[in-house]
Each structure stands twice: as C-alpha cells, then as structure tokens.
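Enquirer: here's a sequence, model it:
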Amino acid sequence: MRFGLVDHTETRDDRPLSTVYAEHTQLAKAADEAGLWGYHTTEHHLSPFDATPSPSVYLAALAPQTHQIQLGSLVHIVPGYHPVRLAEEVIMLDHLSNGRLQMGVGKGVNAPEHRLLDVDTETVDDLFLEHLERMVGVLEGTPVDGAPIPFTPLQQPYPPLWYAGNAARAAELNLHVIIGGSAESVADQVKEHRRIQQAESSSPLQMRYNPTVRHTTVGVTRQVLVDRHSQRARSRAVESWQTFSQHLTHHFDRTGERSLHDPASGGDAARAMAVGAITAGSPQQVAEAYIELAEAGADYLLGVFFWGNLDLPDALSSFELFVTDVIPAVEASLAGR
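Expert: Residues are numbered from 1 along each chain as shown. Just a heads-up that it's a prediction; the model follows:
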C-alpha cells in the first residue's frame, strides 16, 4: 500500500501569496522526509480554491526542495494547453525532478473554468483526446511539422499518466486514477474500473496510453484532520469545511450555475463526513476509515491535510499523526489479513 497527499493550495485573506506558497512547500518537504510516495497539486483558475493555476511552475519549484517523493499534477487541464508546449513542459519537469514526475491529464471539471480558458464545453471531450494524443506523440519523439524532437523524457516512454475523479473513464484510457467517496462508493468504482480495464484490454485507446502499465493504480483521497482528541478534530473540521466549500464552489456561486455533482455537500460538514468527503477524528478512527478504503480495493491512500481555514501548525500536526499513528495501523491491519 502506498500513501500520498493532494494539496489544493487554497488562498488566504490573512497572508500574502508568497507565504501561502512557503507554507505548502513546507508540507511537501515534510511529506518527502516522511517517506510518502506521492504529492499531487491541482489546477484551477481565478479561484481561491487553488493558488497554483500552473502545476508545471509549482512542481518545478518543488523539485529541488524534495528528494524522493513523486511529484504529480491532478490534473493539467489538457484542452487549455497547446499540446506541443505541454509536452515540452512534461519533459522539462521529468528531468528537473530526476524522473519523479507523475503526469495528471484531464479535461477540467466545470463549465465556468472552461470559459475562462476559451475552451468550448460542447467539444471539450474531443479536444481532450485530440490534445492528449498530440502531447503523447511528442513525448514519444514523433516530429512536429517535420521538426525532430531534440529531447526525450527521462522516464521512458514517458512519465506515468493519471486521471482524476472518473474511474471508468480512466480505465478506458488505461490511466492511473485518484477518486473520492465513501468506502461503498469506492468499492463500486474500483470494481467498474477493473471490469472495464479487463474487458477492453485490447481496445485501441487502452493499448495507446501507459503502454508499460497493465494494472493501473486506483487511489482514493479525503479531507483529513487527525487529532488525539476526536471531538476536537471533528469540531475543527466542521469549521474549516465552511471555508473549503466556499472556495470549492466559487465559480458556481459567482455565475449562479449548478454543478452536476456537489462535492461540497452543500456546505454541510456532517453530510460531508457521512459521504466520505471528510475523515476527522482520533488516529484510530482515521486509521479505521482508511482500512475500509483499502478493503474496498484502493491501492493508494491519500489525504488533503492543509485545507479550508486550517493553519500550517494544524496541518503539520494532523499530518505527523497520520504518519506516526495512522499509516502503521493501516499497514499492520492489512498485513494481518
């Protein structure tokens, strides 16, 4: 079992952006030193939910600050990039990180942000596949307009490709995936992912991407808050969820549109806990929740530790308990089964 973290790098009204970056870099370095497998940043635009709208820039900054942890995007919004330019950035990042890049690809999750990038929401699915194919072609060394590609990725044939949120779609494309939800929902998604991957193992799309991978990773993540006092953890999580949900739904609130799904659970933290968006409690309680996710079939367990209005000491304290108490309990439980 591997462990990692997702980091949204939310903005803060009470501190400058430079401090936000420095604090999240400190968390990434702590994860590196603790031996976690992966750190994944995100891409959102003109939103307090994400102060790293350019994953490439942020991962390039993290590369010399870390040594062993895999660095990933979750995800680069592929239709918003020129595929040649994006492929060149992937090659740069792979070398700058000494082969630690895990490349997330996706189409983006909502219409307001598509419009910010001048991406047609009606054709975004086709555009994603078109740009992905062109990007991968460059990574494989296919000349562009007759121009040979003068450099290649460090990882061959290219860094592993990841998807987010849709296990079925990831299986169709043979991509690693990170999802969310309750243990029951995760179990259903894992089964569907594996079913599609097996049923379509010889399909052109599945054979096209991640050619060296035949068993893709299904990771699962939640907002996490670990405290030796379980009630204090839950109370603090409820408070922080209000800020997190406002950041998450910023563009929908701004435009009056509705999301197809409601990842913020209507701002209701109790509901978010019930559906598995938040895991807050004592180390034992958090470990039990992650054991359920592992038993549901996930083979990569992640958490979001620095979210909402949590401060850096909150995040680091929670993360340290996750490392010292939760991970060993999960590993011991799985080893005994």
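Enquirer: how about residue 51, what does it touch?
Expert: 9, 10, 11, 17, 20, 21 (Cβ atoms under 8 Å, 6 or more residues apart in numbering). All C-beta spots, glycine's among them, are computed from the backbone N, C-alpha and C.
Enquirer: rerun at 10 Å
Expert: Residue 51 makes contacts with 8, 9, 10, 11, 12, 17, 20, 21, 24, 44, 58, as judged by Cβ atoms under 10 Å, 6 or more residues apart in numbering.
Enquirer: helices - which of the residues you listed land there?
Expert: 17, 20, 21, 24, 58 (DSSP state H).
Enquirer: can you say which of these are buried?
Expert: Listed as buried from those are 20, 21, 24, 58; burial here means 16 or more other Cβ atoms under 10 Å.
Enquirer: which residue of this protein lies farthest from its centroid?
Expert: Among the C-alpha atoms of the chain, the one most distant from their mean position (Cα atoms, centre = their mean) is that of residue 146, at 35.6 Å.
Enquirer: how much space between that one and residue 311?
Expert: With the distance defined as Cβ to Cβ, to the nearest Å, residue 146 ends up 54 Å from residue 311.
Enquirer: read off the pLDDT value for residue 262.
Expert: For residue 262, the model assigns a pLDDT of 67.
Enquirer: how far away is residue 129 from residue 213?
Expert: According to Cβ to Cβ, residue 129 and residue 213 sit 19 Å apart.
Enquirer: okay if I get the buried ones among the ones in helices among the contacts of residue 51 as JSON lines plus pLDDT and distance to residue 111?
Expert: Output for those, formatted as JSON lines (pLDDT from 0 to 100; distance: Cβ to Cβ, whole Å):
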{"residue": "20", "pLDDT": "97", "distance to residue 111": "27"}
{"residue": "21", "pLDDT": "97", "distance to residue 111": "29"}
{"residue": "24", "pLDDT": "97", "distance to residue 111": "28"}
{"residue": "58", "pLDDT": "98", "distance to residue 111": "25"}
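Enquirer: need the max-distance pair from the residues you listed.
Expert: 20 and 58 (11.3 Å; Cβ to Cβ).
Enquirer: longest strand in this protein, please.
Expert: strand 218-226 (DSSP state E).
Enquirer: for it, which strands pair with it and how are they oriented?
Expert: Take DSSP bridges as the rule and strand 218-226 pairs in its sheet with strand 176-179 (parallel), strand 278-281 (parallel), strand 300-304 (parallel).
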